[in-house]
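Visitor: sequence? don't have it. structure:
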């Protein structure tokens, strides 16, 4: 399968594109799997409900979708994907035996980007998929440039806000837990005052790299939240999983052994961490998850910094407020 420069760069970065094939006939799925298995990670679904669930969970790069299926047909699946924030940017190519012009017209109305007729020619299918994969990767790169922090290379606050909203609705739909880690470099103003702003920038870059290395799943989002504060958003993660990640962050930053002689927490650069974990429900909101993580972070600072706290409910926050005079 011929690759252009955009796709070659994708592979050089150690990535493989993901293709979701949706068809109620296993023989068609197997045929498409044979075409793409060498260059793609191929996911498969035999009905509309499974297709939507896999698209939300795995975020494939391209979807090949049959139109005629029992239950939800391809039009309904495509329309749902196009109106779901987590999947609306994934190109959907219909693979169908229908050739009437009104079929194509309706397909484009619900959000499809292309059509392939059955029985399909493997070379045509490959060329169409590669074309739309290239367009998607180009759009992803342009979009990411606007969503990346220039200093650290992590995602910026704008991307965090988007991801928080999208993952909140994803976890609400799946009734799975969503975890948020907030962390702050301890006494960073003193670091800047003592070592200078160039050293401060270098410090933040090294801390950002340590945070990124501590997060192991591609679905997790690491962001520079602002100044010396960072955030890690982790869908489908419980409090214990978030705590393990936070402990890795503490350890990886300590390994850097960055001197910080004006810190009251340690002689090296350290961070304070707050964790919030919640299974979204109708009476809660994404800002509440953020507020809880911020409260846990404040608790870590009040207790001497260089530590981790997990928000454990209003009673703990009220106790903290009483002890701190807030």
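Guide: That came through, no problem. Quick caveat: nothing in here was measured; it's all calculated off a predicted structure.

Visitor: for the rest of this, base every contact and every neighbour count on C-alpha atoms.
Guide: Fine.

Visitor: does residue 277 touch residue 240 like I think?
Guide: No. Using C-alpha atoms under 8 Å, residue 277 makes no contact with residue 240, being 9.4 Å away.

Visitor: list the contacts for residue 18?
Guide: By C-alpha atoms under 8 Å, 6 or more residues apart in numbering, residue 18 lies in contact with 40-43, 59-62.

Visitor: likewise residue 230?
Guide: Taking C-alpha under 8 Å, 6+ apart, we find residue 230 in contact with 182-184, 208, 222-224.

Visitor: turn these into JSON lines, columns for secondary structure and neighbour count.
Guide: Formatted as JSON lines, the contacts of residue 230 follow (DSSP: H, G, I helix; E, B strand; the rest coil; neighbours: other C-alpha atoms under 10 Å):
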{"residue": "182", "secondary structure": "strand", "neighbour count": "28"}
{"residue": "183", "secondary structure": "strand", "neighbour count": "32"}
{"residue": "184", "secondary structure": "strand", "neighbour count": "24"}
{"residue": "208", "secondary structure": "helix", "neighbour count": "24"}
{"residue": "222", "secondary structure": "strand", "neighbour count": "24"}
{"residue": "223", "secondary structure": "strand", "neighbour count": "27"}
{"residue": "224", "secondary structure": "strand", "neighbour count": "27"}
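
Visitor: circling back to that earlier point, which one (most neighbours) among the contacts of residue 18?
Guide: Highest neighbour count within the contacts of residue 18: residue 61, with 24 neighbours (other C-alpha atoms under 10 Å).

Visitor: state the distance from that residue to residue 250.
Guide: 34 Å (C-alpha to C-alpha, to the nearest Å).

Visitor: for residue 6, same thing?
Guide: 36 Å.

Visitor: those two: which has the busier surroundings?
Guide: The residue with more neighbours, out of residue 6 and residue 250, is residue 250; 22 against 14, by other C-alpha under 10 Å.

Visitor: which elements pack onto the helix or strand that one falls within?
Guide: Here residue 250 is covered by helix 239-256, with elements defined by DSSP states H and E. When contacts are defined as 3 or more C-alpha pairs under 8 Å, 6 or more residues apart in numbering; DSSP states H and E, helix 239-256 sits against strand 178-185, helix 197-214, strand 271-278, strand 308-310.

Visitor: that one - what's its average pLDDT?
Guide: For helix 239-256, the mean per-residue pLDDT is 97.

Visitor: flag every buried residue along it.
Guide: For helix 239-256, burial by neighbour count (16 or more other C-alpha atoms under 10 Å) applies to 239, 242-243, 245-246, 248-250, 252-254.

Visitor: got the residue ranges for the strands in this protein?
Guide: For the chain, strands defined by DSSP state E occupy the ranges 18-22, 41-45, 62-66, 92-96, 114-117, 178-185, 221-226, 229-235, 271-278, 308-310.

Visitor: same for the last one, what does it pack against?
Guide: It refers to strand 308-310. In terms of contacts (3+ C-alpha pairs under 8 Å, 6+ apart), strand 308-310 is packed against helix 239-256, strand 271-278, helix 286-302.

Visitor: mind listing residues that contact the last one?
Guide: So the one you mean is helix 286-302. Taking C-alpha under 8 Å, 6+ apart as the rule, helix 286-302 contacts 164-165, 168, 180-184, 272-278, 306-311, 317, 320, 324.

Visitor: just the mean pLDDT for that helix, thanks.
Guide: Throughout helix 286-302, pLDDT has a mean value of 96.

Visitor: how about residue 238: what's its closest non-neighbour residue?
Guide: Nearest residue to residue 238, sequence neighbours excluded (C-alpha to C-alpha, 6 or more residues apart in numbering): residue 177, at 5.8 Å.
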